[in-house]
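**Q** I would like to see how this sequence folds:
(one chain, ligands or ions: 1)
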Amino acid sequence: MKSLWKAAEAAKFDGPLGLRVYTARLLGRDKSLVLHGGGNASVKIRENDLFGANEEVLYIKGSGCDLETIEAAGFAPVRLDYLRRLASLPALPEAQMANELATHRLRAGAPAPSVETLLHAILPHKYVDHTHADAVLSVSNAPDGDQRIREIYGDKVVVIPYLMAGFELASHCAREFPKQKTKNTMGVVLLSHGIVSFADDARESYERMIDLVSMAEKYLAAKKAWSVGLPSVAPPAFKRVEAAQLRSEVSRAAGFPLLSRCNDSSPFLSFARHPALARLSQGGPATPDHVIFTKPLPMLGRNVEDFSLRYKNYFDRNSKTAKQPKTILDLAPRMALDPDSGFAAFGRTAKDVGIVEDLYEHTISVILRAEALGGWRALDERHIFDIEYWDLEQAKLKAADALPAFSGEVAVVTGAASGIGKACAEALLRRGAAVVGLDRNPAIETLWKRPDCLGLVCDLTQAREVKAVIDKGVKHFGGVDMLVLNAGIFPSSQAVQDVSPDIWRSAMTVNVEANLLVMQACHALLKLAPRGGRIVVIGSKNVPAPGPGAAAYSASKAAMNQLARVTALEWGKDGIRVNSIHPNAVYDTALWTDEVLASRAKAYNLTVEQYKKNNLLRTEVTSKDVAELAAEMCGPLFAKTTAAQVPVDGGNERVV
Ligand SMILES: [Zn+2]
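**A** The predicted structure is shown next:
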């Protein structure tokens with residue numbers, strides 16, 4: 001492990017807090033040190049208060065902040081003297097500790113101080129760095145882990161047995177640290193949890209972390225327990241309906257829709273086929289705080305009911321002896337390992353799914369290295385339970401109930417790179433859905449750089465391409481719950497006697513047949529949608545009121561309209577709703593080039609300006625107006641509606 005410190009970068013950060021920000025970010029950059037909000041950092045600074053009294057203030061990472069991206073405002077200032085008095089109390093219940101930390105912040109609007117605040121407070125050094133380094137966890141979770149740690153570090157670290165983070169750990173450390181520390185001490189190993197380094201200088205504290213973790217890495221290498229990669233195996237063909245079926249069952253167990261992501265690459269598939277998988281995977285997490293995202297254990301195979309039963313038993317066993325009454329969380333797994341398909345991560349948001357996958361990738365390497373040292377041993381489930389059902393964590397989870405309406409659901413939008421399709425994707429994203437955006441335009445791949453959006457290039461007229469992108473979407477998000485059929489073409493204006501067969505065929509192929517292919521590829525998936533499948537067809541005013549010169553377009557849109565109606569008839573029994581929207585005069589779309597606009601205006605004997613607001617309400621209809629209606633049609637307002645056709649055209653007297 002190498003120090004990432006760069007003098008030129010460090011020079012951009014001012015003062016002791018600035019350097020704290022910089023080295024905290026350096027810790028966050030190395031995923032084998034900390035992942036997703038794990039780890040911690042602090043600095044103690046002398047400051048004068050308004051009355052001139054000089055005091056030491058602890059700046060500690062705020063709860064929920066990520067080290068990699070933390071800003072100075074992400075550190076909560078608290079009077080050090082007060083924290084040390086708290087740590088010296090004979091006992092301090094969790095809720096009370098949280099209250100004391102929250103009410104003693106010195107800056108209004110500062111985040112809640114981390115639950116590890118008291119540990120940072122009782123250590124005497126100015127800078128304190130804390131990580132959950134993979135290498136240290138591998139050693140400490142191997143047989144005789146504590147002896148191995150002492151063998152590696154000697155008196156360079158103080159060794160603390162596993163204790164729950166918070167008051168208990170800080171108060172034990174406050175007593176134990178002075179007893180064990182020598183002039184060589186530069187850190188603390190928290191067995192089965194992580195490692196702490198400290199110094200009076202930001203760089204030194206950070207580089208001590210690097211040195212300490214490197215020592216564990218060297219130890220692993222010397223014991224032939226460092227390079228433990230499993231032989232890679234060729235992934236089997238992806239089975240999208242099976243994957244969606246599993247996600248559907250997991251969502252049912254949860255009581256709400258969950259996204260899922262399948263990973264059959266290395267090391268996930270190789271690990272899922274490990275001969276000792278049952279023992280290795282059913283011990284517990286690499287470090288307890290993973291449990292908030294992952295639950296204690298992955299599901300083995302596909303039996304969700306069996307997982308739920310085991311999870312309930314685990315809750316019953318451990319809640320009996322808990323200090324406070326606990327409320328059981330949902331019964332669904334967040335991870336699954338299956339020798340046939342590899343790994344699947346589940347979560348209410350795409351971000352959560354990504355976190356679960358990252359955490360387990362590191363967990364696999366921690367497990368395999370500990371195994372190479374003689375046998376992986378996870379922490380006792382009692383301790384895992386204490387973290388999973390910690391009051392503070394339970395409170396955080398309650399906040400998740402306020403998630404947007406389509407959280408955990410997946411929408412596929414065709415023609416999503418521009419115009420109405422792009423607006424639909426954005427309307428669905430705003431409502432919390434994960435979106436697979438399809439388009440012929442390669443710009444779709446980079447249009448949205450966010451975890452809940454997957455842009456894929458596809459020629460929807462090619463059945464093979466359609467199947468391939470739907471496979472990718474299901475592998476990435478778990479299924480298809482909503483389908484917005486928007487992609488279409490508006491051929492240049494031609495009188496009926498002049499319509500060329502090519503123009504006619506391409507209108508029919510793109511505006512009708514491609515939609516048929518997409519619906520066919522999605523039917524089995526829509527049937528499995530946890531809240532029922534929904535299709536919204538972006539039709540056209542031309543369906544009820546065709547325009548002269550637009551024969552191919554109008555005919556193709558009318559054909560699509562009939563297809564949607566028949567689909568509603570046939571798929572109603574599968575719980576799939578099919579509704580259509582008929583927009584008119586939406587000019588912020590790719591269809592409406594200046595040329596087309598001018599030609600249509602001419603056909604009605606209007607100027608372009610008159611043509612734009614040529615409706616009963618004398619209003620302009622935008623892509624966003626159409627998209628908002630499309631998204632609402634997927635929601636509870638239209639839960640009992642199928643085969644509806646709703647105009648969004650400002651009112652058209654030919655339709656009225
Ligand atoms: Zn920790």
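**Q** do you know how far V188 is from D358?
**A** Taking Cβ to Cβ, to the nearest Å as the measure, V188 and D358 are separated by 26 Å. All C-beta spots, glycine's among them, are computed from the backbone N, C-alpha and C.
**Q** try R348
**A** For R348, the distance to D358 - Cβ to Cβ - is 16 Å.
**Q** low-confidence bits of the chain, can you list those?
**A** 392-401, 590-591 (pLDDT under 70).
**Q** give the residue farthest from the middle of it.
**A** Q497 (54.9 Å; Cα atoms, centre = their mean).
**Q** where does it sit: helix, strand or coil?
**A** helix (DSSP: H, G, I helix; E, B strand; the rest coil).
**Q** quick one: the helices in the stretch 451-600 of the chain?
**A** Assigned by DSSP state H, counting those that start in this stretch, the helices in the stretch 451-600 of the chain fall at 463-477, 501-508, 514-527, 551-571, 594-603.
**Q** highest mean neighbour count out of those?
**A** helix 514-527 (a mean of 21; mean count of other Cβ atoms under 10 Å).
**Q** list the contacts of that helix.
**A** By Cβ atoms under 8 Å, 6 or more residues apart in numbering, the surrounding residues in contact with helix 514-527 are 240-241, 244, 412, 414, 460-461, 463, 466-467, 470, 474, 479-481, 483, 485, 487, 533-535, 537, 560, 563, 567, 571, 574-576.
**Q** if we can go back for a sec, can you give me the distance of the residue farthest from the centre of the chain to V655?
**A** When Q497 is compared with V655 (using Cβ to Cβ), they lie 27 Å apart.
**Q** including distance to T619, could the helices of the stretch 451-600 of the chain go into TSV?
**A** Shown next, in TSV, are the helices of the stretch 451-600 of the chain (distance: least, Cβ to Cβ, whole Å):
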stretch	distance to T619
helix 463-477	36
helix 501-508	29
helix 514-527	29
helix 551-571	22
helix 594-603	17
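**Q** which one, of those, ends up nearest to T69?
**A** helix 463-477 (23.9 Å; Cβ to Cβ).
**Q** using CSV, write out the CA atom coordinates for stretch 98-107.
**A** Output of stretch 98-107 as CSV, limited to C-alpha atoms (Å, rounded to 0.1, in the frame of the first residue of the first chain):
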residue,chain,number,x,y,z
ALA,A,98,-26.4,10.5,20.6
ASN,A,99,-28.3,13.3,22.3
GLU,A,100,-25.2,14.7,24.0
LEU,A,101,-23.2,14.6,20.8
ALA,A,102,-26.0,16.3,18.8
THR,A,103,-26.6,19.0,21.4
HIS,A,104,-23.0,19.9,21.9
ARG,A,105,-22.1,20.8,18.4
LEU,A,106,-20.4,24.2,18.2
ARG,A,107,-21.6,25.1,14.8
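**Q** list the buried residues of it.
**A** 98, 100-101, 104-105 (16 or more other Cβ atoms under 10 Å).
**Q** which residues are contacting it?
**A** Here stretch 98-107 has contacts from 57, 76-79, 82-83, 86, 92, 112-113, 115, 117, 391-392, using Cβ under 8 Å, 6+ apart.
**Q** just stretch 37-50 next, same as before
**A** For stretch 37-50, with Cβ under 8 Å, 6+ apart as the criterion, the contacting residues are 16-17, 19-20, 23-24, 27-28, 33, 54-61, 64-67, 70, 75, 80, 114, 116-117, 120, 125-132, 194, 202, 287, 289.
**Q** among those, which are in strands?
**A** 54-61, 75, 127-131, 194 (DSSP state E).
**Q** so which of those residues is the closest to G283?
**A** Distances from G283 to these, taken by Cβ to Cβ, are shortest for G194, at 17.7 Å.
**Q** show me what contacts the closest one?
**A** 39, 130-133, 136-137, 287.
**Q** rewinding a little: among the ones in strands among the contacts of stretch 37-50, which one lies nearest to A631?
**A** K61 (37.4 Å).
**Q** leaving out the residues flanking it, which one is nearest to P339?
**A** R273 (4.8 Å; Cβ to Cβ, 6 or more residues apart in numbering).
**Q** between R348 and D358, who's got more neighbours?
**A** R348 (19 against 16; other Cβ atoms under 10 Å).
**Q** where exactly do the helices run in the stretch 201-350 of the chain?
**A** Ranges of helices within the stretch 201-350 of the chain are 202-222, 240-254, 268-272, 277-281, 291-294, 304-319, 350-372, based on DSSP H, counting those that start in this stretch.
**Q** among the ones you listed, which comes closest to V510?
**A** Among the helices of the stretch 201-350 of the chain, helix 240-254 sits nearest to V510 (Cβ to Cβ), with 24.1 Å.
**Q** now the closest one, how far from the chain's geometric center?
**A** 18 Å (Cα atoms, centre = their mean, to the nearest Å).
**Q** next, the angle helix 463-477 makes with that helix.
**A** If you take axes from the mean of the first three to the mean of the last three Cα atoms, to 10 degrees, helix 240-254 sits at 30 degrees to helix 463-477.
**Q** counting contacts, what elements does helix 240-254 pack onto?
**A** Helix 240-254 sits against strand 259-263, helix 304-319, strand 342-347, helix 463-477, helix 514-527, with contacts defined as 3 or more Cβ pairs under 8 Å, 6 or more residues apart in numbering; DSSP states H and E.
**Q** what about T321, distance to F385?
**A** Distance from T321 to F385, by Cβ to Cβ: 9 Å.
**Q** looking at these two, which is more packed in?
**A** The neighbour comparison of T321 against F385 (other Cβ under 10 Å) goes to F385, with 21 against 8.
**Q** the more buried one against K320, yeah?
**A** No: applying Cβ atoms under 8 Å, one finds F385 not in contact with K320, separated by 10.6 Å.
**Q** which residues sit against stretch 277-291?
**A** Contacts of stretch 277-291 (Cβ under 8 Å, 6+ apart): 38, 132, 134, 137, 141, 165, 192-194, 271, 274, 294, 296-298, 300, 337, 339, 359, 362-363, 366-368, 371, 376-379, 381, 383-384, 386-388.
**Q** in CSV, list the C-alpha atoms belonging to it.
**A** Extracted in CSV, the C-alpha atoms of stretch 277-291 (Å, rounded to 0.1, in the frame of the first residue of the first chain):
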residue,chain,number,x,y,z
LEU,A,277,-19.1,-21.7,-0.1
ALA,A,278,-21.6,-22.7,2.6
ARG,A,279,-19.0,-22.3,5.4
LEU,A,280,-17.2,-19.3,4.0
SER,A,281,-20.3,-17.3,3.2
GLN,A,282,-22.4,-18.1,6.2
GLY,A,283,-20.1,-16.7,8.9
GLY,A,284,-20.8,-13.1,8.8
PRO,A,285,-19.6,-9.7,7.4
ALA,A,286,-15.9,-8.7,7.2
THR,A,287,-16.5,-5.8,9.6
PRO,A,288,-19.8,-5.2,11.5
ASP,A,289,-20.9,-2.0,9.9
HIS,A,290,-21.4,-3.6,6.5
VAL,A,291,-24.5,-5.2,8.0
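**Q** identify the residue spatially nearest to E204, adjacent ones excluded.
**A** Closest to E204 by Cβ to Cβ, 6+ apart is Y127, at 7.7 Å.
**Q** for burial, what's the neighbour tally of that neighbour?
**A** The tally of other residues near Y127 (other Cβ under 10 Å) stands at 26.
**Q** can you pull up the bridge partners for it?
**A** V43, A199 (DSSP bridges).
**Q** next: the one 4 residues further on.
**A** Note on T131: beta-bridge partners I195, judged by DSSP bridges.
**Q** going through the contacts of stretch 37-50, which ones are buried?
**A** 16-17, 19-20, 23-24, 27-28, 33, 57-61, 65-67, 70, 75, 80, 114, 116-117, 120, 125-132, 194, 202, 287, 289.
**Q** what sits against E653?
**A** L616.
**Q** residue contacts, L80?
**A** Neighbours of L80 in contact, by Cβ under 8 Å, 6+ apart: 44, 55-58, 121.
**Q** need the max-distance pair from the residues you listed.
**A** Between any two of the contacts of L80 (Cβ to Cβ), the greatest distance is 13.2 Å, for E55 and A121.
**Q** can you pull the contacts of D134?
**A** D134 touches 32-33, 286, 362, 365-366, 369, counting by Cβ under 8 Å, 6+ apart.
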